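J.: Generate a structure from the sequence data that follows.
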Amino acid sequence: MGLIRILGAGVMGLSVATELVSRGHRVELVDPRPDPGPHGCSWWAGGMLAPFCEGESAEEPVERLGLGAIDWWDRHAGGVHRRGTLVLAQARDRSELDRFARRSRGHRSLHAGEIAALEPDLAGRFTSGLFYADEAHLSPRAALAALHQRLQAQGATFHTAPPDTTPDHIIDARGLAARDQLPDLRGVRGEMLVLRCPEVTLSRPVRLLHPRIPLYIVPRGDGVFMLGATMIESDRRGVVTARSVLELLSAAYALLPAFAEAELLETGADARPAFPDNLPHLRRRGATLFANGLYRHGFLLAPAVAAMVAEHLETGAAPEFMDEVLL
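T.: Residues are numbered from 1 along each chain as shown. Sure, this is the predicted structure:
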């Protein structure tokens, strides 16, 4: 198939490169800042590999295609923690828990004692919850670094500008930067906090449901936790708003008052690329194949989309998310 050039070295570009290299193809990646870092939305991701929880509000393909992400990341990057997801709600918000249960599958209901057995620090705080045993999580930053290092070791090259070589195929995986070619791509702003709280021990992601301010907390180890949940229809990038910081910290305190003593290590925000239906799309125009629109499901759906890209290049078949071919 010759040389394949990938534009963009975020989660989509690195996943496509990994899939192609694993199939024996020659790959080069082009990104103004090709090393993983705080210059792209992949850096600020939660890293929850939670297809059943996401299925509560996402379209059907998200759960179905996301089911393979856990094994893919374990195989190619490692660092996957298969400890499930715990979903909780305050007693006054029990209707939110019931609604979540109706709209998702892959869970079992828990009573207070079972919640305490899973997460002792939450003992006595919640009377009921949901446990999604087959879900997992990872550290996005460690995973991106692992893919980057493995690709280099396997002969893929990284460039800050397109080299003089002439590729046989171009994959455009630039995320929101591809709006210069994909006018229906929009930004969905996400904000996150990183806390250090050695007094708290959580073994798995915990989602606290609320009708207005839902929260997820993902353990990073050594008393460090990532907090997130915001989805704002905006392509504004950069610092987190004061309102979001207050809401996220208030929700964390509602989950466990010990978070009041946490150190605020980091705040971050970026805009995730999304199409109107919030699903990824592949669009081929001449020698260029656009792979974009992962929305809030970057680490969950990138492996499946990467496999579709590889299959299309190898066989010419139109995969599930291929919706436009302009030769």
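
J.: Which helix or strand contains the residue lying farthest from the centre of the chain?
T.: For the chain, the C-alpha farthest from the mean C-alpha position belongs to D164; by CA atoms, centre = their mean, that distance is 33.3 Å. Under DSSP states H and E, no helix or strand contains D164.

J.: Okay, it and L3: tell me how far apart.
T.: 12 Å (CB to CB, to the nearest Å). C-beta coordinates here come from the backbone N, C-alpha and C atoms, glycine included.

J.: same for the longest helix seen in the chain, what does it pack against?
T.: Using DSSP state H, we find that the single longest helix of the chain is helix 298-315. Contact partners of helix 298-315 among helices and strands, from 3 or more CB pairs under 8 Å, 6 or more residues apart in numbering; DSSP states H and E: helix 11-22, strand 48-49, helix 60-66, helix 69-76, strand 281-285, strand 288-292.

J.: Could you list every helix and strand in contact with the fifth one?
T.: Right, the one you point to is strand 281-285. strand 288-292, helix 298-315, strand 322-326.

J.: Indicate which one of these is closest to I213.
T.: Of all the helices and strands packed on strand 281-285, helix 298-315 sits nearest to I213, with 22.5 Å by CB to CB.

J.: Mean confidence (pLDDT) on the closest one, please.
T.: Helix 298-315 shows a mean pLDDT of 96.

J.: report the angle between the axes of it and helix 69-76?
T.: Orientation check (axes from the mean of the first three to the mean of the last three CA atoms, to 10 degrees): helix 298-315 against helix 69-76 gives 70 degrees.

J.: List the buried residues in helix 298-315.
T.: Within helix 298-315, the residues scored as buried using 16 or more other CB atoms under 10 Å are 298-310, 312-313.

J.: likewise stretch 269-279?
T.: Applying a neighbour-count criterion of 16+ other CB under 10 Å, one finds 269-275, 278-279 buried in stretch 269-279.

J.: Straight-line length of that stretch, end to end?
T.: Using CA to CA, to the nearest Å, the span of stretch 269-279 from its first residue to its last is 21 Å.

J.: quick one on the thing from earlier: can the helices and strands packed on helix 298-315 go into a markdown table with extra columns for mean neighbour count, mean pLDDT and distance to G223?
T.: Formatted as a markdown table, the helices and strands packed on helix 298-315 follow (neighbours: other CB atoms under 10 Å; pLDDT from 0 to 100; distance: least, CB to CB, whole Å):
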| stretch | mean neighbour count | mean pLDDT | distance to G223 |
| --- | --- | --- | --- |
| helix 11-22 | 26 | 98 | 26 |
| strand 48-49 | 27 | 96 | 19 |
| helix 60-66 | 18 | 94 | 29 |
| helix 69-76 | 19 | 98 | 24 |
| strand 281-285 | 19 | 93 | 40 |
| strand 288-292 | 23 | 96 | 36 |
